[in-house]
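Student: structure, please.
(one chain, ligands or ions: 2)
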Amino acid sequence: MVRREIRRLGPPVIASYDVFESKIIFGGIMYDWLVVGAGFAGATLAERLASQRGERVLVVDRRPHIGGNAFDVANADGLLIHQYGPHIFHTNSDMIVDYLSQFTEWRPYEHRVLASVDGQLVPIPINLTTINKLYGLSLTEEEVPAWLAARAEPVEVIKTSEDVVVSVVGRELYEKFFRGYTRKQWGLDPSQLDKSVTARVPTRTNTDDRYFGDSFQAMPKEGYTKMFERMLDHPNIELRTGVEFKDVTDGYRNLIFTGPIDEYFEFQHGKLPYRSLRFEHVTLDQEWHQPVAVVNYPQDQDYTRITEYKYLTGQEHAKTALTYEYPSAEGDPYYPIPRDENYQQFKKYEALANAQDKVWFVGRLATYRYYNMDQIVGQALATFRRIDERLERPAAAAE
Ligand code: FAD
Ligand code: UDP
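Tutor: Ligands and ions are numbered 1, 2, ... in the order given. Model prediction:
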């Protein structure tokens, strides 16, 4: 058995613990909260609990870094890349922007994506330019609705990711832009997926070629990881990366869990399906590779998209860094798979979660929701409000 002390850079030792066969044993309550996961969900809750309730929080993450899937890092050439694929911040919530703005400045950035279709690069979401370029037409904004209506297939009740698209643009554009990409991305046909998946991508009749329509679109000025560092930089927060939840055996009163919910309950209702990705990070000895940050490949390639980071970060560099995304059934869980049977299975886990007294499940993996970063921050802030209503504040913080 080895006795270790936890030290922060400034304040004195706040806890000591024993490590025995990799388990962390505190031998007493050292923390009000254990937060499992240092992504958006975990970091937001740790920050709120520490700064608003004055509570002592231990944050652990099994990865060797903070930030969860939004983690960004300089590669060997000093180019900032997103280790787990491109993360673009966008939201319609002023409240969420205000909250995060305490920890970062922003770089204005509007995301644009091209799709490689029939040998051409055309805007996705499908818009006026996409249609004109692909079909050699010169339709006006006023003419597009009728052009689309003539191709759209009426669907009585829109249920699936196929219905959503064919009912607006018809089968040909659906097959060119959505069927192949979705089959690759999810390993399922769009007809097997909830409508909410492809409904994320709108259809436009004008020339607006922005990927998102949100009122606030920007990137954290110095990157996501820097922002997370500031969120977690509080005297009441202790951070330990490279630590598994199961290895923290005691020492806390309440728990925030942001990992996969099925794992927490030891898969007693079976393994919940999550989709994974393999990322291939490449640096090219040339200044630019493609005309926009992301090019989607809905047709032939095994990868779904290529991201060129300098568009997102604004970095100036003689080289350029890219990521290719290869969808995969195996690997870290990245996406819950939105379809009814999976949701029914999740409901069984949710019932177990609801019966827990001192455990709160938050985030994309723990609530099995295909949520963007801003939605996760919103969910975490709402959870904090519920905690704050339900649990008495420690005496010192309440004063
Ligand atoms: P995560 O970021 O997954 O954090 C959970 C953390 O918990 C992980 O770090 C994990 O290591 C840790 N953990 C899990 N189990 C344990 C355990 N047992 N013990 C210890 N640690 C554990 N959103 C956008 O808004 N815009 C985008 O452009 C965008 N692009 C994306 C691209 C890709 C490829 C992916 C996969 C997601 C994208 N997202 C995007 C979504 C975004 O990543 C999520 O909304 C957000 O990161 C979820 O935060 P979270 O804290 O819930 O989960
Ligand atoms: N999609 C598609 N073709 C595209 C872009 C998106 O078929 O060119 C579908 C696909 O099913 C994808 C979903 O729409 O998973 C949502 O796209 P989004 O870009 O939001 O995916 P994410 O960035 O979350 O991976």
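Student: flag every residue of the chain that's near ligand 1.
Tutor: Contact residues (C-beta under 6 Å from any ligand atom) of the chain with ligand 1: 36-42, 60-63, 68-70, 84-88, 244-245, 258-259, 277, 334, 363-365, 371-374, 376. For glycine as for every other residue, the C-beta is placed from the backbone atoms N, C-alpha and C.
Student: any idea how far Arg112 is from the residue of the stretch 251-399 of the chain at minimum distance from ligand 2?
Tutor: The nearest approach of the stretch 251-399 of the chain to ligand 2 comes at Asn296, 3.9 Å away (C-beta to the nearest ligand atom). Relative to Arg112, Asn296 is positioned 11 Å away (C-beta to C-beta, to the nearest Å).
Student: which one of those two has more residues nearby?
Tutor: Asn296 (22 against 16; other C-beta atoms under 10 Å).
Student: for the stretch 51-200 of the chain, what spans make up the strands?
Tutor: For the stretch 51-200 of the chain, the strands defined by DSSP state E, counting those that start in this stretch occupy 57-61, 72-74, 80-82, 89-91, 106-108, 113-117, 120-124.
Student: swap in the stretch 251-399 of the chain?
Tutor: 252-257, 274-284, 294-296, 305-308, 320-328, 335-336, 359-361.
Student: redo these as JSON lines? Include mean pLDDT.
Tutor: Formatted as JSON lines, the strands of the stretch 251-399 of the chain follow (pLDDT from 0 to 100):
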{"stretch": "strand 252-257", "mean pLDDT": "97"}
{"stretch": "strand 274-284", "mean pLDDT": "98"}
{"stretch": "strand 294-296", "mean pLDDT": "98"}
{"stretch": "strand 305-308", "mean pLDDT": "98"}
{"stretch": "strand 320-328", "mean pLDDT": "98"}
{"stretch": "strand 335-336", "mean pLDDT": "97"}
{"stretch": "strand 359-361", "mean pLDDT": "98"}
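Student: would you turn the ones you listed into TSV with distance to Glu142?
Tutor: Output for the strands of the stretch 251-399 of the chain, formatted as TSV (distance: least, C-beta to C-beta, whole Å):
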stretch	distance to Glu142
strand 252-257	52
strand 274-284	40
strand 294-296	28
strand 305-308	32
strand 320-328	37
strand 335-336	38
strand 359-361	49
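Student: out of those, which is closest to Ala395?
Tutor: Closest to Ala395 of the strands of the stretch 251-399 of the chain is strand 252-257 (C-beta to C-beta; 14.7 Å).
Student: what helices and strands are in contact with that closest one?
Tutor: If you count contacts as 3 or more C-beta pairs under 8 Å, 6 or more residues apart in numbering; DSSP states H and E, strand 252-257 packs onto strand 31-36, helix 40-53, strand 359-361.
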